[in-house]
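Q: the sequence and its predicted three-dimensional model are supplied below.
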Amino acid sequence: MTHHESPTGSYDDATGIDAEVESGRPVLSVRELSKTYTTKRLIGSGKGYQALSNVSLDLRAGEILGVVGESGCGKSTLGKVIAGVETTGIGGAEVGGQPLDLAQGTRTRDQRRQVQFVYQSPRGSFNPARRVSAALRYNARLAREVTGEPVDDALERAVKSVGLGAQHLDRYPNELSGGQLQRLSIGRALITRPDIVFLDEPTSSLDVSVRGEILNLLTGLRESMGLSMILVSHDLDVISYVADRILVIYVGQIVEEGSASDIVARPAHPYTRALLTASSLPDPAEPLELAVDVRDASFLPTGCRLAPRCPLAEARCSEPQHLVASHGRSVRCWKAESTLR
Amino acid sequence: MGEVVLLSGAGIRIDRKALPPLYPVQNVDLSVRIGDRTALVGESGCGKSLTARLLTGLLPPNAVLDRGSATLLGEFDLGEEFPDEVRGSRVAMIFQDPVSVLDPMAGIGVQIGRALAAAGVAKAERRGAAVDLLGSLHIPDPEEVARKYPHQLSGGMCQRVAIAMALAPKPDLLIADEPTTSLDVTTEVQVLDLLEEYLDSSGASLILISHDLNVVDRLAESVTVMYAGQSVEHGPIADILSEPAHPYSRDLVRSSVLNRGEAAHSIAGTLPSIENVTRTCPYRVRCSEARSACSDTSLGQVPSSDGFVRCLFPLKKMPGAAGGEPV
């Protein structure tokens, strides 16, 4: 298999944003974000579940940041807190230099315009009883406030940017295929000329025959508009195909971060290695399979959270592990240093 | 008993109130012998799940086998009443969503006990047998798991329990409908290993239904590719992945591979309407190889030594095909 040997150079150069990426301020930066879900109890305090623990990330202009992890790891929560859908997040975030309120989820109109969301299920994102144009109109009005662009012009621009025609706006959701609806969801996000688009599993409910169409659309948008995206998926195949950089999350913590090609070629964290071993990508140099997950969801170990499943675990793994940057990578595993060297 | 499952030109009709009927399955040929591990692949809406439901007698009440023939375990004609006594004993099914398969009000041990009761295990032995069964599926601390309720377990663990229940009566035929689609990839590998272990030790037959060719490649030996309710190609998995004969199989294989830096493949267009039975090729409107003959010639099978293709212009000469003429 040769598909990871193509140097990142040719791939990134095509976007023409390398220099900007290096020098410019990130379009989104998140610092030490934690989010705890609490279940309400009638008596006493409710049980809490920490879905995110001290997550920090920078999204650079014009890049696709891939976030990969298993269900329940907090990857969707990350997007929801940034978008203000979920509240009571603890930590700091900035979009375009302006602070973002994570505790109350309050957003100014301009921040709503700047950060857009695309959800997993295209069918669930549209009201089945209304024409799809109705679902796009709210964003078109947001755009009009900021840019003065007439609503109908904005709608037409949106459908064209995702390769559909104005006639699709008058259809009902049941008259469109899943792929077309997902295009419209992406189009809806683009109406407001956002700085950041957060895509939550945009291909996982689509057939593999349509998946390529959506992935090509996303890479095309990065190239043509320099759009910055965070793409969340459980599917490392998809993430490694489109993303420039990858964050690997396990039980609410970032366990590895680095450039996509580098992580796929030399995964350092045992969890990343297990993900690669299980994916259809070529196996890593040292394949690894995890033990059965019997974790109690409400209990978080103080040490490495993967240790109960990790075949490499030793006594030292019960001590807290920190995200350590080395060799262009951040890894949360004391053993990874030797892997990277 | 030669064939565990034999479908020949099978079609399913769904009757609707005040609307014309639908034909989601139109022409499916499927032959599964004892010990075969075969897979049905295709896009959503191609009729693969409905075919599985036909084989387990779980068709919706307004759906009937209306064309061709279907024989189960060599003795039951599925055009007639489904033999309920074989379901859950000789034929078992594993579903996509394990959480909705399990009874939320019953403990895991009790639920497996019910499956064991159906398999004829005496009441006094059921609890122990349930725990043994969980242990044999590499579930750590099986006694503890047997005491729990479904909501206390992860999705992967629930699927293991659902598999334990399906395997409890030692079925001859296991039908797995997207068994790992709702699971995480690291868990998916473990669940596929479990199924493989059972097949190795029991010699049972498997029909795996999946849209994911990587999963199919891990577990199945042969594949039937379905498109718009028809079986369009059948052959060994390695042949279909490396050298498919039907243009649809080729396009499906291509779009499941992502090569960084290259444009991803996809198939333009959508599945045709299922309101009519098509005798011509259903794929011709999306097919890059289509010629004028494709739209006016009714379609037969081109057989080969170990499979068939339903295409007027297959991409390769079928090995062992007698004359290569459509039959």
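A: Noted; the coordinates are in hand. Numbering: from 1, shown residues only, chains lettered A, B, ... in the order given.
Q: what sits closest to the residue in the stretch 101-250 of chain B positioned nearest to chain A if chain neighbours are left out?
A: Per CB to the nearest CB, B:D184 is where the stretch 101-250 of chain B lies closest to chain A, at 3.7 Å. (Each C-beta comes from the backbone N, C-alpha and C, glycine too.) In this structure, B:D184 finds its nearest non-sequential neighbour in A:E70, 3.7 Å apart by CB to CB, 6 or more residues apart in numbering or on different chains.
Q: ok, and B:R67, which helix or strand is that part of?
A: Assigned by DSSP states H and E, B:R67 belongs to strand B:63-72.
Q: coming back round to it: pretty sure the residue nearest to B:D184 is in contact with B:S182, am I right?
A: No. In terms of CB atoms under 8 Å, A:E70 does not count as a neighbour of B:S182; the distance is 11.7 Å.
Q: what's the first helix or strand after the strand holding B:R67?
A: Immediately after strand B:63-72, counting by DSSP H and E, sits strand B:76-77.
Q: what's next to that following strand, contact-wise?
A: B:S69, B:A70, B:T71, B:F82, B:P83, B:V86 (CB atoms under 8 Å, 6 or more residues apart in numbering or on different chains).
Q: for the fifth one, give me its contacts.
A: By CB under 8 Å, 6+ apart, the contact list for B:P83 reads B:G57, B:L72, B:F76.
Q: export those residues to TSV and tack on pLDDT?
A: Formatted as TSV, the contacts of B:P83 follow (pLDDT from 0 to 100):
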residue	pLDDT
B:G57	91
B:L72	94
B:F76	93
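Q: secondary structure element for the closest residue to A:N54 other than its chain neighbours, which one?
A: Nearest in space to A:N54, with sequence neighbours left out and distances taken as CB to CB, 6+ apart, is A:E32 at 4.9 Å. Per DSSP H and E, A:E32 falls inside strand A:28-38.
Q: so how far is stretch A:92-108 from its chain's centroid?
A: 18 Å (CA atoms, centre = their mean, to the nearest Å).
Q: which positions in that stretch come out as buried?
A: Neighbour-count burial for stretch A:92-108 flags A:A93, A:E94, A:V95, A:L100, A:L102, A:G105, A:R107 (criterion: 16 or more other CB atoms under 10 Å in any protein chain shown).
Q: distance of the residue of the stretch 101-250 of chain A found nearest chain B from A:V238?
A: Residue nearest to chain B within the stretch 101-250 of chain A: A:G212 (3.2 Å; CB to the nearest CB). Distance, A:G212 to A:V238, using CB to CB, to the nearest Å: 10 Å.
Q: what residues are shared contacts of those two?
A: Contacts common to A:G212 and A:V238, judged by CB under 8 Å, 6+ apart, are B:L258.
Q: report the buried members of the contacts of strand B:76-77.
A: Members of the contacts of strand B:76-77 classed as buried by 16+ other CB under 10 Å are B:A70, B:T71, B:F82, B:P83, B:V86.
Q: okay if I get these as CSV plus pLDDT?
A: Output for the buried ones among the contacts of strand B:76-77, formatted as CSV (pLDDT from 0 to 100):
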residue, pLDDT
B:A70, 94
B:T71, 94
B:F82, 90
B:P83, 90
B:V86, 89
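Q: tell me the one among the residues you listed nearest to B:S249.
A: Nearest to B:S249 among the buried ones among the contacts of strand B:76-77 is B:A70, at 23.6 Å by CB to CB.
Q: what bridges to that closest one?
A: B:L7 (DSSP bridges).
Q: correct me if wrong: it contacts B:G9.
A: No. At 9.6 Å, B:A70 does not count as touching B:G9 under the criterion of CB under 8 Å.
Q: backbone dihedrals for residue 306, please?
A: Using chain A here. In terms of degrees, to the nearest 10, the main-chain angles of A:L306 are phi -90, psi -20.
Q: likewise for A:T277?
A: Dihedral angles (degrees, to the nearest 10) for A:T277: phi -60, psi -40.
Q: next up, the contacts around it.
A: A:D283, A:P284, A:P287, A:L288, A:E289, B:V189.
Q: name the nearest residue to it, sequence neighbours excluded.
A: What sits nearest to A:T277 in space, not counting adjacent residues and going by CB to CB, 6+ apart, is A:P287, at 4.3 Å.
Q: can you check A:V30 too?
A: Nearest residue to A:V30, sequence neighbours excluded (CB to CB, 6+ apart): A:A93, at 4.6 Å.
Q: same check on A:D58?
A: Distances taken as CB to CB, 6+ apart place A:P26 nearest to A:D58, at 3.9 Å, with adjacent residues excluded.
Q: what residue is smack in the middle of chain B?
A: The residue lying closest to the centre of chain B (CA atoms, centre = their mean) is B:I209, at 2.7 Å.
Q: from what I can see it touches B:E178, true?
A: Yes. Using CB under 8 Å, B:I209 makes contact with B:E178 at a distance of 6.1 Å.
Q: between those two, what contacts are shared?
A: What both B:I209 and B:E178 touch, as defined by CB under 8 Å, 6+ apart, is the set B:S49.
Q: where along the stretch 201-341 of chain A do the helices fall?
A: A:208-225, A:236-242, A:260-265, A:270-278, A:336-340 (DSSP state H, counting those that start in this stretch).
Q: tell me the angle of the host helix or strand of A:R183 relative to helix A:208-225?
A: Taking DSSP H and E as the criterion, A:R183 maps to helix A:178-190. Helix A:178-190 runs at 20 degrees relative to helix A:208-225, counting by axes from the mean of the first three to the mean of the last three CA atoms, to 10 degrees.
Q: around chain A, which positions in the stretch 1-150 of chain B sit nearby?
A: For the stretch 1-150 of chain B, the residues in contact with chain A (CB under 8 Å from any CB of the partner chain) are B:E43, B:S44, B:H138, B:I139, B:P140, B:D141.
Q: isn't there a strand covering B:A10?
A: Yes. Under DSSP: H, G, I helix; E, B strand; the rest coil, B:A10 sits within a strand.
Q: gap between the nearest residue to it once chain neighbours are set aside and B:G79?
A: Leaving aside its chain neighbours, B:A10 sits nearest to B:G68 (4.1 Å; criterion: CB to CB, 6+ apart). Distance of B:G68 to B:G79, given as CB to CB: 9 Å.
Q: of the two, who's got more company?
A: More neighbours surround B:G68 than the other of B:G68 and B:G79, with 17 against 14 (other CB atoms under 10 Å in any protein chain shown).
Q: surely the more buried one is in contact with B:L6?
A: No. The pair B:G68 / B:L6 is not scored as a contact, 10.4 Å apart, by CB under 8 Å.
Q: the residue in the stretch 51-200 of chain A that chain B sits nearest to: what secondary structure?
A: In the stretch 51-200 of chain A, the residue that lies nearest chain B is A:E70 (3.7 Å; CB to the nearest CB). Following three-state DSSP, the label given to A:E70 is coil.
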